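Student: Predicted model follows, preceded by the sequence.
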Amino acid sequence: MVLVVPERVTNAVHHGGGTCTLARTAHPDSIEVTVHDPGPQAQSMRTPDRNDGTGSVGWRVANRLARTTAVTRRAAGGKTVNAPVAR
């Protein structure tokens, strides 16, 4: 949770237009992290580039820590990234 939330928010701010909304929902066995941003570009897994500083390491780490990661486009524009994390 400590790494997943800042990674998801940082990605949303950096790639999603500078603003985002964060929601967390507690479930008996997990905490669901949901981030909405207005950006049209969906995140995707890519090979991290450790030489030029373009990133992708954090996205990969957060995906490993979350049970799943789902990126969906919103009808009103933007996207939602959802990542449940085990308690």
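Tutor: Cool, got the structure.
Student: from here on, contacts and neighbour counts on C-alpha atoms
Tutor: Fine.
Student: For this protein, give me the ranges with low pLDDT.
Tutor: 43-46, 48-50, 52-55 (pLDDT under 70).
Student: need the helices for it, in chain order.
Tutor: Per DSSP state H, the chain carries helices over the ranges 4-15, 57-65.
Student: now for those, which one comes closest to residue 72?
Tutor: helix 4-15 (13.1 Å; Cα to Cα).
Student: OK, contacts around the closest residue in space to residue 20 that isn't next to it in sequence?
Tutor: Spatial nearest neighbour of residue 20, excluding adjacent residues (Cα to Cα, 6 or more residues apart in numbering): residue 37 at 4.5 Å. Listed by Cα atoms under 8 Å, 6 or more residues apart in numbering, the contact set of residue 37 reads 12-13, 16-17, 19-21, 78-80.
Student: Narrow these to those in strands?
Tutor: Among these, the members falling in strands (DSSP state E) are 21, 79-80.
Student: Return the member of these nearest to residue 69.
Tutor: Once Cα to Cα is applied, the member of those that ends up nearest residue 69 is residue 80, at 10.3 Å.
Student: How many neighbouring residues does that closest one have?
Tutor: Using other Cα atoms under 10 Å, residue 80 has 22 neighbouring residues.
Student: wait, it sits on residue 71?
Tutor: Yes. With contact defined as Cα atoms under 8 Å, residue 80 counts as touching residue 71 (5.7 Å).
Student: circling back to that earlier point, so which of the helices of the chain is the most surrounded?
Tutor: With neighbours defined as mean count of other Cα atoms under 10 Å, these peak in mean count at helix 4-15, which reaches a mean of 19.
Student: elements contacting that one?
Tutor: Applying 3 or more Cα pairs under 8 Å, 6 or more residues apart in numbering; DSSP states H and E, one finds that helix 4-15 makes contact with strand 30-37, helix 57-65.
Student: Now distance to residue 8 too, for those, in CSV please.
Tutor: CSV is the format used below for those (distance: least, Cα to Cα, whole Å):
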stretch, distance to residue 8
strand 30-37, 7
helix 57-65, 8
